[in-house]
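Participant: sequence first, predicted model second:
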Amino acid sequence: MDPAPEASERGAAARAGAGVVVPLRSFRGGKSRLAPRLDADGRAALARTLADRVADAAAPHTTVVVSSDPDVVVWARHRQLDVIADPGSLDAAARAGSEHLAALGVDRVVIAHADLALVTTLAELVAPGAATSGCPRTASAASRSSASSTS
């Protein structure tokens, strides 16, 4: 999928430095462990709310959403985020998103899972000199821990 025209037209200054990859399979498919407490619509609404928080935390950095789900694509384009097709696995999505950002001139990449419940900022991870655990350009914000991890 091509990025949204508005996202592609943003200036070079917004593209320089750090960027964020948000792999997001779908709003409807996630949070299945909450099925005893939330119906499918409630889980989809929760997934969208969490993704909104991650997108807000990623601002003002260039952000690419990796998804082939039509609802996610509409959501991302509405937020003026770049969108590329999901290649099928989390690792491949992270790699594709990183390559997309590198082609835009981004030199530091954060992979942020779309369901980070308490995220308010990704500033520590996108800052110049942020720890990347030996990899010169990628850090990861995982969803299973309250702390950010690097990879």
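Facilitator: That came through fine. Numbers count the residues shown, from 1 in each chain.
Participant: pretty sure Ala117 contacts Leu50?
Facilitator: Yes: using CB atoms under 8 Å, Ala117 is in contact with Leu50, at 6.0 Å. Glycine gets a C-beta too; all of them are placed from N, C-alpha and C.
Participant: more neighbours: which of those two?
Facilitator: In this view Ala117 and Leu50 are compared by other CB atoms under 10 Å, and Leu50 has more residues nearby, 22 against 11.
Participant: the residue nearest to the more buried one when sequence neighbours are not counted: what's it in contact with?
Facilitator: Distance criterion CB to CB, 6 or more residues apart in numbering; nearest residue to Leu50, sequence neighbours excluded, is Asp115 at 4.6 Å. With contact taken as CB atoms under 8 Å, 6 or more residues apart in numbering, Asp115 is in contact with Gly30, Lys31, Ala47, Leu50, Ala51, Val54, Ser143.
Participant: farthest-apart pair in those, please.
Facilitator: Greatest spatial distance in those: Lys31 and Val54, 14.4 Å, computed using CB to CB.
Participant: which of the three states applies to Ser26?
Facilitator: What DSSP: H, G, I helix; E, B strand; the rest coil gives for Ser26 is coil.
Participant: can you report how many residues neighbour the closest residue to it other than its chain neighbours?
Facilitator: Excluding the flanking residues, the one nearest Ser26 by CB to CB, 6+ apart is Asp69, at 4.0 Å. For Asp69, the count of nearby residues is 17 (other CB under 10 Å).
Participant: surely Asp69 is in contact with Ala44?
Facilitator: No: using CB under 8 Å, Asp69 is not in contact with Ala44; the gap is 10.8 Å.
Participant: okay, and the common contacts of these two?
Facilitator: Joint contacts of Asp69 and Ala44 (CB under 8 Å, 6+ apart) are Phe27, Arg28.
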